[in-house]
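In: just coords:
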Ligand SMILES: [Zn+2]
């Protein structure tokens, strides 16, 4: 009697633990599925951002990360219309017509990694220390650099353009480029 009771109790215990285990497995599966969906969404967002397409961005609000911020697609902005550039001997903004600019823009955004874009930007910006220390303090930390920007005019020739022309043609903002070219 006592033995039967114990066996029954053990069987019930095993059955209950199996139900519990199955529940955990099923919850784990659901969890894995959710994780995979989140990973997939992140990957899609990442790829869209890299290729300059519109995407839904993430925004952190305290501990909560919302995935609901619409980011518009990258666009090529207007060409340089600076009178200064037209008069300077070393500025060739006017040599780039809209078709050429669009080709440069498309090529830049067709690269599939940020690393490639960064490498391209670094190769197109020359960093030269300013000739004179304008602060007159000889202070190393205050010494600034001058950046010179280029765009490919042909496959073999690149021409100097102004910063606005460079940023507008590639559809980039200044902080992004600064971030890439700083040592
Ligand atoms: Zn210009």
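Out: That came through fine. Fair warning: this is a prediction, and the values are worked out from it, not measured in the lab.
In: which residues of this structure lie near the ion?
Out: 80, 82, 85, 93, 162, 165 (C-beta under 5 Å from the ion). Where C-beta positions appear, they are placed from N, C-alpha and C, glycine not excepted.
In: try it again with 8 Å
Out: 80, 82, 84-85, 91, 93, 161-162, 164-165 (C-beta under 8 Å from the ion).
In: among these, who's most crowded?
Out: Using other C-beta atoms under 10 Å as the neighbour criterion, residue 161 leads those with 27 neighbours.
In: quick check: next helix or strand after the longest helix belonging to the chain?
Out: As assigned by DSSP state H, the longest helix anywhere in the chain is helix 2-50. Per DSSP states H and E, the first helix or strand lying C-terminal to helix 2-50 is strand 55-61.
In: now that following strand: buried residues?
Out: residue 55 (16 or more other C-beta atoms under 10 Å).
In: just stretch 28-46 next, same as before
Out: residue 45.
In: what about the protein, any weak spots by pLDDT?
Out: 1-3, 7, 11, 13-15, 130-143, 183 (pLDDT under 70).
In: spell out which residues make up each domain of it.
Out: The chain breaks down by automatic domain parsing into domains covering 2-71, 83-181.
In: out of the ones you listed, deepest packed?
Out: With neighbours defined as mean count of other C-beta atoms under 10 Å, the domains of the chain peak in mean count at domain 83-181, which reaches a mean of 14.
In: rewinding a little: ok, so of the residues of the chain next to the ion, who is nearest residue 58?
Out: Minimum distance to residue 58 across those is 30.0 Å, recorded for residue 164 (C-beta to C-beta).
In: residues contacting the closest one?
Out: 80, 82 (C-beta atoms under 8 Å, 6 or more residues apart in numbering).
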